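1. Test case, fold it:
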Amino acid sequence: MKVPLSWLREYVRVDATAREIADRLSVSTCEVERVVERGVPRDASNLAGFRVGKVLEAAKHPNADRLQLTKVDVGEAEPYQIVCGAWNFGAGATVAVALPGATVAGGLTLERRKLRGELSEGMILAEDEVGLGTDHAGIMLLDDALEAGTPLVDVLPLVDDVLEVETTPNRPDLLSIYGLAREVAALFDAELADWPGTEPASGGAEALDIAIDDYEGCPRYVARLFRDVRVCQSPPWLKARLTAAGMRPISNVVDVTNYVMLALGNPLHAFDYDTLAGPKIIVRRAHDGEQMRTLDGQVRDLDSRDLLIADAERAVAIAGIMGGEETEVTETTTNVLLEAANFEPVSLLHSSERLALRTEGSNRWEKGVDPYLAPIAARLATQLIVELSGATWTGDADVHAELPERPRVELRPERVDALLGLDVPRETQDGILDRLGFERSNGTVTVPTWRARDVTREIDLVEEIARFELNEVPFTLPVRRELFGRLTHEQRVRREIEDVLVGCGLTEAYTPSLVAQDPDANALRLPLPLSSDQSLLRTTLLPSLLTAAERNREVGNSGVALFEIARVYLPSGEELPNERWRVAGVVEGGYADVKGVADALFEALKIDARYERGTQPLLHPGKAARVGNGWVGEVHPGVASGWGAFELELAWLAEAMPRRVLYEDVITFPSVLQDLAFVVDEDVAAADLADAMRAAAGPELREVSVFDEYRGAQVGEGKRSLAFRVAFGSPERTLTDEEAAAVRGRIVSALAEQFGAAIRSG
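-> Next comes the predicted model:
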């Protein structure tokens with residue numbers, strides 16, 4: 001949420017700077033992500049160059065058909081001659097002027113100079129030239145009641161600081177300028193202005209027929225009718241505030257509804273009254289199969305879970321989310337029905353998620369808006385609509401069920417001290433609660449309506465006091481009662497894995513646990529995902545890592561190699577998933593590259609890994625291997641091209657890694673190296689042959705590894721040749737050729753007997 005500081009100061013009188021306000025809010029209330037400076041350079045000498053001007057003369061430039069030559073009174077003895085390219089004004093207009101020497105938004109410093117042969121002394125300003133909006137089609141027209149020469153900074157927010165605030169879901173009262181002003185007033189013990197808005201005189205007593213069929217979904221509906229509305233552009237001050245707060249100005253009536261929502265936190269909606277069928281408004285649930293076209297031009301399929309605003313014939317709005325296209329306020333609208341309602345948050349949230357339709361209004365409703373706020377919002381909107389459109393307020397209605405009572409909570413001052421570990425004087429506790437709008441009577445605290453949803457227990461009141469006393473909490477180190485400690489086996493394994501993979505050139509990454517797609521069709525889906533690309537709990541780390549790796553390669557990084565140690569969430573058939581820790585890695589290259597990383601990891605962990613042919617949906621079918629509780633392989637080219645990957649269960653690695661390593665003396669006698677090739681059936685695994693070789697040879701077989709595989713006519717159909725490099729040796733002596741031949745013979749006999757393997761000579 002963007003909060004213009006000039007708007008905030010309208011509701012709270014405080015001398016603190018923007019940074020001081022941001023710091024206090026960040027500590028006690030909500031996160032202020034940054035403070036942004038808007039507008040023109042704010043030094044006094046520059047601001048003096050911006051004034052209100054009265055156009056005395058305006059005529060076509062003698063040397064340019066698209067330019068006007070004007071004379072403008074800026075409060076000095078002689079008028080200024082200014083060349084202007086806009087044509088939306090003439091003599092008598094009140095405009096904003098920047099004089100020579102002034103620097104406008106964007107950094108341009110003005111100077112006297114000739115344009116098409118005529119001297120121009122300054123600039124008549126458009127919105128974008130002072131940072132108040134994006135419009136450059138025409139210049140700003142000001143209130144004619146302003147006097148020439150009035151400093152423009154007294155009329156428009158030429159300079160402003162905007163706080164970018166991130167609130168927590170339990171504080172919908174902070175989603176408004178006034179709500180934040182209330183917090184600032186409490187933090188600085190400053191004066192808070194009364195609720196904004198004054199009720200204008202009513203010009204009639206037209207009856208409005210409002211029927212609420214579902215009071216649970218709509219506890220309150222306030223409606224007001226306006227006649228003789230003139231829909232036009234909003235004045236510059238209103239457009240400037242909306243723009244600074246991150247919203248796009250549309251028209252005076254629509255802008256008023258957005259302004260009041262930002263100011264007070266209660267979303268509003270305006271209907272073109274003449275497009276409604278009949279005088280009755282009905283708040284009801286949708287009929288199954290019902291449709292309506294919303295303001296964004298989309299036809300929405302509705303069902304009985306959706307709360308609607310309807311007239312006598314059809315739905316005209318999805319309650320609290322978006323209005324209908326047919327009843328939109330346009331330039332031709334002359335009569336307006338204003339809605340200031342209150343909607344139940346949960347069902348509205350479900351509708352918003354199901355329809356994939358989120359708006360500024362729905363964001364507030366789904367967190368819970370104070371039902372007592374609706375008439376206050378209607379009052380402010382009524383004042384502004386009457387003032388800005390010349391309308392007459394002719395009718396109103398306020399239909400509601402029994403509104404919720406304010407919670408009453410018992411508070412023990414001594415309990416506050418005990419939980420905080422501080423002695424907070426009783427008068428300090430009372431002062432904090434008073435400034436926040438709580439009422440006290442004999443130990444009972446009555447909660448204000450805008451906090452009724454999140455302050456319901458004594459501990460909630462303790463928290464309110466605590467967040468104002470955080471600066472009084474002394475800095476202390478935690479008490480250390482033990483002077484020794486050690487890592488668990490699992491912690492040592494994890495740290496060892498991190499060190500090894502970093503040593504292999506991989507960089508640790510942190511990727512989201514929520515994904516859009518998952519290779520496991522049974523992956524758990526969130527009932528209310530934040531977005532469509534975060535709807536599933538991942539069952540494997542590889543897709544997230546691949547996304548990160550591909551993004552790195554797209555921006556020109558080479559040699560990308562990433563790893564992650566994180567949880568996956570496997571379906572368990574119960575409410576909670578089976579959470580498993582895994583380590584996964586992605587490297588540029590193929591099977592050999594990633595197997596080298598995996599081999600280095602196994603060697604460092606002292607794990608005798610056994611690779612077996614396997615399949616995995618994300619890997620190349622001919623270049624994938626199972627190893628323990630995991631896999632290593634080349635990523636399928638249909639998924640991503642040019643990557644090798646592995647993923648291993650952390651629990652298996654911890655179990656397979658020996659808890660202590662026994663030293664074995666180095667054999668100083670040379671080994672006898674030989675290459676052995678065996679022809680076996682296609683389905684015989686190399687790992688099985690290696691195991692059999694070790695069993696048959698005994699301790700004299702020091703090393704064995706596969707280095708080649710061959711298929712072809714020389715070995716026959718359904719056969720393959722596997723070549724092994726072996727090392728024979730003894731810790732006591734150098735083996736003779738005869739002794740090495742005997743070991744070799746035992747290997748050949750054992751493989752022939754167990755697998756039908758034939759030694760291949762050439």
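2. From now on I want contacts and neighbour counts done on CA atoms only, so please keep to that.
-> OK.
3. Endpoints of stretch 356-367, how far apart?
-> End-to-end distance for stretch 356-367: 17 Å, by Cα to Cα, to the nearest Å.
4. And the residue nearest the centre of the protein?
-> Nearest to the geometric centre of the chain sits residue 530, at 8.9 Å (Cα atoms, centre = their mean).
5. Next one: it relative to residue 358, how far apart?
-> In terms of Cα to Cα, residue 530 sits 11 Å off from residue 358.
6. quick revisit: could you tell me whether the residue nearest to the centre of the chain really is in a strand?
-> No. The assignment for residue 530, made by DSSP: H, G, I helix; E, B strand; the rest coil, is coil rather than a strand.
7. Any chance of the backbone angles for residue 191?
-> When quoted as degrees, to the nearest 10, the phi and psi of residue 191 stand at phi -80, psi 130.
8. OK, contacts around it?
-> 12, 13, 14, 185 (Cα atoms under 8 Å, 6 or more residues apart in numbering).
9. again, only using 7 Å
-> Residue 191 sits next to 12, 13, 185 when contact means Cα atoms under 7 Å, 6 or more residues apart in numbering.
10. Give me the secondary structure label for residue 595.
-> helix.
11. for this protein, which spans come out with low pLDDT?
-> Along the chain, segments meeting pLDDT under 70 span 482-484, 761-762.
12. Check which residues of the longest helix seen in the chain are buried.
-> Among the segments of the chain that qualify as a helix by DSSP state H, the longest is helix 737-755. For helix 737-755, the neighbour count (16 or more other Cα atoms under 10 Å) marks 740, 743, 744, 746, 747, 748, 749, 750, 751, 752 as buried.
13. can you tell me how far the residue nearest to the centre of the chain sits from residue 394?
-> Here the distance between residue 530 and residue 394 works out to 43 Å (Cα to Cα).
14. need the helices for the stretch 151-300 of the chain, in chain order.
-> Under the criterion DSSP state H, counting those that start in this stretch, the stretch 151-300 of the chain contains helices at 177-188, 236-244, 252-264.
15. nearest to residue 107, of those?
-> Across those, residue 107 has its closest neighbour in helix 236-244 (18.8 Å, Cα to Cα).
16. Just the angle for the closest one relative to helix 252-264, thanks.
-> Orientation of helix 236-244 against helix 252-264 (axes from the mean of the first three to the mean of the last three Cα atoms, to 10 degrees) gives an angle of 60 degrees.
17. Outside of helix 236-244 itself, list whatever touches it.
-> 4, 132, 133, 140, 156, 248, 249, 259.
18. ok, now with 8 Å
-> With Cα under 8 Å, 6+ apart, helix 236-244 has contacts from 2-4, 7, 38, 127, 132-133, 140-142, 155-157, 162, 248-249, 255, 258-259.
19. Now distance to residue 428 too, for the buried residues of helix 737-755, in TSV please.
-> Output for the buried residues of helix 737-755, formatted as TSV (distance: Cα to Cα, whole Å):
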residue	distance to residue 428
740	90
743	89
744	89
746	90
747	87
748	90
749	91
750	88
751	87
752	90
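20. how many neighbours does the closest residue to residue 70 other than its chain neighbours have?
-> Computed as Cα to Cα, 6 or more residues apart in numbering, the closest residue to residue 70 that is not its neighbour in sequence is residue 58, at 4.4 Å. Residue 58: 21 surrounding residues under other Cα atoms under 10 Å.
21. contacting residues around residue 58?
-> 68, 69, 70, 71, 90, 91.
22. Let's see that with 10 Å instead.
-> By Cα atoms under 10 Å, 6 or more residues apart in numbering, residue 58 lies in contact with 68-72, 81-84, 87, 89-93.
23. Now, those residues that are in strands?
-> In strands, judged by DSSP state E, the following of the contacts of residue 58 are found: 68, 69, 70, 71, 72, 81, 82, 83, 84.
24. Most neighbours of all the contacts of residue 191, which one?
-> residue 12 (22 neighbours).
25. Please determine how far that residue is located from residue 196.
-> Distance from residue 12 to residue 196, by Cα to Cα: 12 Å.
26. again, but for residue 130
-> 27 Å.
27. Which one of those two is surrounded by more residues?
-> Using other Cα under 10 Å as the criterion, residue 130 and residue 196 rank with residue 130 on top: 25 against 17.
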